[in-house]
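> this is a predicted model, with the sequence first.
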Amino acid sequence: MEHTVTSKARRSRTPGLFPRGRPGAWPIVSGLVALVLALPVLVIFAHVFLPAGDVWVHLRQTLLGEYVRNSLLLLFGVGVGVLVIGIPVAWLVSVCEFPGRRIFQWALMLPLAMPAYIIAYTYTGMLDFTGPVQALIRDITGLGYGQYWFPEIRSLTGAMLMLTLVLYPYVYLLTRAAFLEQSVCVLEVSRTLGSGPYSGFLRVALPLARPAVIAGLTLALMEVLADYGTVAYFGIATFTTGIFRTWYGLADPGAAAQLAAVLLSFVFILILLERWSRMRARFHHTSSRYSTLPRYQLRGWKAAAAVAACLIPVLLGFLVPAAQLTIWALRTTEQWLNPDFAGLVLNTFYLAALAAVIAVILALVLAYARRMEGGLITGLAVRVAGMGYAVPGTVIAIGVMLPFAWFDNTLDGFMRMHFGISTGLLLSGTLAALLFAYAVRFLAVSLQTVEAGLGKIKPSMDDAARSLGMRPLATLTRVHLPIMRGTLLTALLLVFVDVLKELPATLILRPFDFNTLAVRAFELAGDERLAESSSAALAIVLVGLLPVILISLTIERSRPGQTQRARARKRRTDDAPLALPAGAQAS
Amino acid sequence: MTEHPHQSARHAAEVVLDDVDVGYSGQRVVHAISLTLASGQIGCFLGPSGCGKTTLLRAIAGFEGVMRGEIRLNDHTVSRPGFLLAPEKRNVGMVFQDFALFPHLDVTGNIAFGIRGWKRAEREHRVRELLRLIGLSGYERAYPHALSGGQQQRIALARALAPRPQLLLLDEPFSSMDVELRTDLAHEVRGILRAEGTTGMLVTHDQNEAFAFADRIAVLNAGRLCQWDTAYNLYHKPADRFVAGFVGEGTIVSGRVCAEDCVETALGRIHGLLPGHFTEGSGVDVLVRPDDIELDNASGDIPAEVVSKAFRGADFLYTLRLRDGTELLCVAPSHDNYVVSDHVRLRLGFSHLVVFPRGKGGSEAS
C-alpha cells in the first residue's frame, strides 16, 4: 500500500520532488502562463498588419519623423552620458584607493532610487525663473527678467541630463561587478607585461568588461525608451508621449497601437544589438583564482579629482534633488500630515504588494516548471514571460487595454442583444487590468530572483531529503521553503518598488479615481504644484532606497575574491585538529 | 546501547540485483546486472565515466526505476518493472557527490534531519555519537558554508548514517577531495561503516579508492558488468580484456600455446598455469603486468631498450622495447637508475598466467 507505482522511467537527474508519472503538466502550465503574459505584446504586433487608418497616415506624414528623431537623440545623448559617468567611476572605486571610496561604492547607486520624472520636475522647480537658483542670480546681479541668459531645463538636452543622472548606475553597477570578478591573474599578467594603471585599464580591464558595459548600457537605453514622465513633463515629442497623445487626444487606439509597435521594434533592435555584441565577445575567465587587487593609492590632486568625479554624480543625481524634495515636503506638511495622504500611501502599498505577490507566484510556477521538466516548451515559455521588462509600460498598457476593452464591449453587446442587460466594463478600467499589466512588465524581476534562489537548491538536496525519509511535500516545506525564504522576500521587494515607481501604465489603466503615489506626484507636478507633489515623490524615493541597500549588501557578500580565498584557506586546514569553539562560525 | 528502540530494527541489508536493466526514456543505460552483496559487506561500482555506475546506484536508492529484473534488499523486492518503492521508504542512506548539505541548517540540524521523529534525548545522543565517530565534536552549531570540503563530506556521511540505514550508498564521495586525502578518507569512511555495521556501496572511477574501500568490486563497462570480485582477483585474474586494462597496468603480448603450461611469445617461452583449456598451437594474448618482469642485467636473458621512465618514489616505471618492437612496462627499484635508450636485460617472473584467446574481447577466458 505504501508503494508508489509507476510505469514510466524518469528522466535522468530530475529531482524527485513531485510524484512521477505526470511530467506532461509542466509544459502546458508554463506555456499557458507565458501565452497569457505575451498577450499584450502579441496584440501590439498584430496591429502592424492591420490596415492603417487616417490618423496613422496623418501621424506618419507629420509627427512620426519628430518622434523618431527625438527618441534617437535622447538615446544617443543618454547613452554617451551614462558611459562617460558610469565607466570611470566604476573603475575608480574598484581599482583605486582614495578618501571616501568605500562610501562611494554604494552611494553611487543612490540615484537608482530616484525616478526620472521626479528628478526632472525637482530640477525644473529649482532652475525655473522663479526657482532659488535664478532668484539668487538676480539678487546678486540685480538683473531682471530677460536681461540674462539661463539654460532652459525643459528641453531635449535637459531631458538627456535628467535621464543620464538617474540611469548611469546601471552601467556603474554592471561594470563594477565585471571589474570585481576579473581574475587577479589576468590583471597581474598585464602588469608583468608592462602595462601601467591606464594602459592596463584600456587594454585589459575595459575590453574584458565590455559585455557588462553593454548590458548596463542596454538597460539604461531601455529605460530611456520606456520613459514617459520626463519627456511628458518637458513637453518633448517622443514615442511614449506620442502614444498618449494618439490614445487620449486623437482617440485612435489603432494608431496608438501602431505607434507602440514601432517603439517595440526599437526595443527589439536594442535587445538584438546586445545579444549580438555578447555573442562576439563572450569572455571566460581562465582562472578561478580570485583575490582583491592591491589598489592604486591616489594622492594629492589625483585623489581630489577622483573624489570629485564620484561626488558630482551622487550630488546631482540624488543628494540635491532629495534635499530639495525634503525642503518642499517640510514646507508643505499639511499636504502629507493628513488621513488623505495616509490613505494614498496605503492604497499604493496595497496595489504594489498585490502585484508583487502575483509576480512572485507566477515566477515560482515558471521556475519550478523549468526545474522539474526543463523541456523545449517550458524553456521557451520562461524566456517569453521574462521579456516583459524590456517592453515600455506605455506599450503594455495599450496592449492590455485593447483586448480587455474588446472583450468588455463584445460581452456587453452580446448580453444586451440577447438578454437586454448591460454588463458594462468588467475588465478594462479595473484593478485586474492594472495588476495584469504589472505582472507582464515585472515578472522578469521576480523570475530572475526566484530562479537564482532555486538554483541554490541542488537536485541532490531533494534526493538527500528523500533518502532521509521525507515525502515530496515535506521536502518542499522543510528544505525548499527555508532556503528560498530570503530569495522570495527579495523578489517581493523588488517588484513592490518597481510597481511603486511605475507611471505610464498606471496612468492609462488605473480605475477611475484610483490614485497611486506616482500618479499623484506626476499630476501635481504637471499642474505646477511642485512643492505639494514633493511628499508623494519623497515617499517613492525613500521606499526606492530599499532595493539599493539590498543590492549593495548582496554585492558585498558575493565578492568572489573573499569567498574563494576563505575556501582555499579552509582546505588547507582540512583535517587539522579543531581549534574552533562550537558555534564560533555560526552566523 | 539497547535503549534505542530504533536499533532493534537495525539490520545490515543484503543487496541483490537480479538481471537488472536501468534506463531513461526507452534508452537502456545498464544491462542485465546481477550481483549479490552480503550483509555488512562493502561493495563498489568501478568503471570509466558513462559506464552506468551512478545510474545503478540511483536505481538501488529508488531514484530510478528498473526496466527489467529486480532489486531486493534483505529479500524484500524494492524495484521491479512497474513498481518502485519510494526512496524515503527504503531505509537506504546516500552520500552525494556534492554532499548536498542543507545550507539553512547547522551541523546538528543536518545530521538530525532524517531522525526528527525520534525522541529528543535519543536524537541528541545520536548526533553526539556520530560527531564523535567522524571526529567533528564541537562543530554542532557550525553551518555548512563555514566548513572545509573534508568536514562537509563527513557531515554528509553522518547525516546519511543517522537513521541507521540498512544500506549506505556513496556516489563518488571523494571526487572533490585532494588526491592525497582520498585514500585516507576512503579508509576512514570504511572504518566508520564497519563501526556502524552497515552494508555499503560506493561508486567511483578511481581504482585506488575502490581497493582501499571495498570488499568486493563490480567493474562496469558500457553498461555491462564485467566482473564482480575481490580486488586481488580483479588484478590477478581479470575476467576479460577490459578489466585487465582498466585495473592496474599491463601490456598485452600475443603468443601461441605450445604446451599445457607454456606460451611462446616475443619474450620467449612463458611458463605458468593456463587458466581454462587452450588447445596447443592456438593463438592467445598474454597479459604482462609490470611486476611480472624483472630488470636484471646480470642474469637476464631478454635484451630490451629503455623507451621512457617515470619516477614513482620507491620505484621507477620503465617502458621498454623488445627487439621485435613489442613495448612492455616494468617496475624496478629506484636505485636501478637507467636512462632513456639504455640497453638492459630482462628476466621473467610470472607466478601465474593471464591469457585470453586471440582477437576476442569475450569474457569467457577464465
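The structure has been received and is ready for your questions. Numbering: from 1, shown residues only, chains lettered A, B, ... in the order given.
> from now on I want contacts and neighbour counts done on CA atoms only, so please keep to that.
OK.
> the helix or strand hosting A:A363: what's the following helix or strand?
Using DSSP states H and E, A:A363 sits in helix A:339-372. Sequence-wise, the next helix or strand downstream of helix A:339-372 (DSSP H and E) is helix A:376-385.
> that next one packs against which elements?
Helix A:376-385 makes packing contacts with helix A:25-46, helix A:339-372, helix A:431-455 when contacts are defined by 3 or more Cα pairs under 8 Å, 6 or more residues apart in numbering or on different chains; DSSP states H and E.
> save those helices as TSV, and put in mean pLDDT too.
Below are the helices and strands packed on helix A:376-385 laid out as TSV (pLDDT from 0 to 100):
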stretch	mean pLDDT
helix A:25-46	86
helix A:339-372	90
helix A:431-455	89
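> which one of those helices lies closest to chain B?
Of all these, helix A:431-455 sits nearest to chain B, with 12.2 Å by Cα to the nearest Cα.
> anything in the helix or strand that the closest one is followed by near chain B?
Using DSSP H and E, the helix or strand that follows helix A:431-455 towards the C-terminus is helix A:459-467. Yes - using Cα under 8 Å from any Cα of the partner chain, helix A:459-467 reaches chain B at A:S460, A:M461, A:D463, A:A464, A:A465, A:R466, A:S467.
> out of those, which is nearest to A:A303?
A:M461 (49.7 Å; Cα to Cα).
> now that closest one: closest residue in space that isn't a chain neighbour?
B:A100 (4.8 Å; Cα to Cα, 6 or more residues apart in numbering or on different chains).
> chain center to stretch B:58-68: distance?
Offset of stretch B:58-68 from its chain centre (Cα atoms, centre = their mean, to the nearest Å): 20 Å.
> stretch B:210-230 too?
5 Å.
> residues contacting it, please?
With contact meaning Cα atoms under 8 Å, 6 or more residues apart in numbering or on different chains, stretch B:210-230 is reached by B:29-35, B:37, B:41-48, B:50-53, B:183, B:186-187, B:189-190, B:202, B:204, B:231, B:234, B:238-240, B:242-243, B:363.
> and it, end to end?
Its start and end residues considered, stretch B:210-230 measures 10 Å (Cα to Cα, to the nearest Å).
> please apply the same query to stretch B:80-97.
26 Å.
> name every strand pairing with the host helix or strand of B:M201 and say which way it goes.
If you go by DSSP H and E, B:M201 is part of strand B:199-204. Using DSSP bridges, the strands paired with strand B:199-204 in its sheet are strand B:42-46 (parallel), strand B:167-171 (parallel).
> give me the next element, helix or strand, following the first one.
It stands for strand B:42-46. helix B:53-61.
> re the thing from before, restricting to C-alpha, output the strand holding B:M201 in CSV.
The C-alpha trace of strand B:199-204 is given here as CSV (Å, rounded to 0.1, in the frame of the first residue of the first chain):
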residue,chain,number,x,y,z
THR,B,199,26.2,-2.5,4.3
GLY,B,200,27.9,0.0,1.9
MET,B,201,28.0,0.6,-1.8
LEU,B,202,30.4,3.1,-3.4
VAL,B,203,30.6,4.4,-6.9
THR,B,204,34.0,5.5,-8.1
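> what's the following helix or strand after that strand?
Heading C-terminal from strand B:199-204 (DSSP H and E), you reach helix B:207-213.
> buried residues in that next one?
B:Q207, B:E209, B:A210, B:F211, B:A212, B:F213 (16 or more other Cα atoms under 10 Å in any protein chain shown).
> would you list those residues in JSON lines and tack on pLDDT?
Output for these, formatted as JSON lines (pLDDT from 0 to 100):
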{"residue": "B:Q207", "pLDDT": "87"}
{"residue": "B:E209", "pLDDT": "87"}
{"residue": "B:A210", "pLDDT": "90"}
{"residue": "B:F211", "pLDDT": "89"}
{"residue": "B:A212", "pLDDT": "86"}
{"residue": "B:F213", "pLDDT": "88"}
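> quick check: residues of the stretch 151-300 of chain B near chain A?
So the stretch 151-300 of chain B meets chain A at B:Q151, B:A160, B:P163 (Cα under 8 Å from any Cα).
> for those residues, which single residue is the most surrounded?
B:A160 (29 neighbours; other Cα atoms under 10 Å in any protein chain shown).
> that residue sits in which helix or strand?
B:A160 belongs to helix B:149-161, assigned by DSSP H and E.
> then B:R345?
Under the assignment here (DSSP H and E), B:R345 is part of strand B:343-348.
> what does that strand rub up against?
Where contact means Cα under 8 Å, 6+ apart, the residues beyond strand B:343-348 that reach it are B:270, B:292-306.
> so what's the residue count around residue 85?
No chain was given, so I picked chain A. Around A:I85 there are 21 residues (other Cα under 10 Å).
> that's the wrong chain, I meant chain B
Other residues close to B:L85 by other Cα under 10 Å number 20.
> looks like it contacts B:G62 (just checking).
Yes - counting by Cα atoms under 8 Å, B:L85 touches B:G62, with 6.6 Å between them.
> shared neighbours of the two, which are they?
Common neighbours of B:L85 and B:G62 (Cα under 8 Å, 6+ apart) are B:V78, B:S79.
> follow-up on the earlier one: hmm, which of the residues of helix A:459-467 next to chain B is lowest in pLDDT?
Across the residues of helix A:459-467 next to chain B, the bottom pLDDT score, 86, is held by A:S460.
> and A:K8, what pLDDT?
For A:K8, the predicted pLDDT is 32.
> winner for burial among the helices and strands packed on helix A:376-385?
Stretch with highest mean neighbour count among these: helix A:431-455 (a mean of 23; mean count of other Cα atoms under 10 Å in any protein chain shown).
> which strands and helices sit next to that one?
Against helix A:431-455 (3+ Cα pairs under 8 Å, 6+ apart) you get helix A:25-46, helix A:339-372, helix A:376-385, helix A:393-419, helix A:481-501, helix A:504-509.
> ok, the residue nearest to A:M461 - contacts?
A:K458, A:S460, A:M461, A:A464, B:A156.
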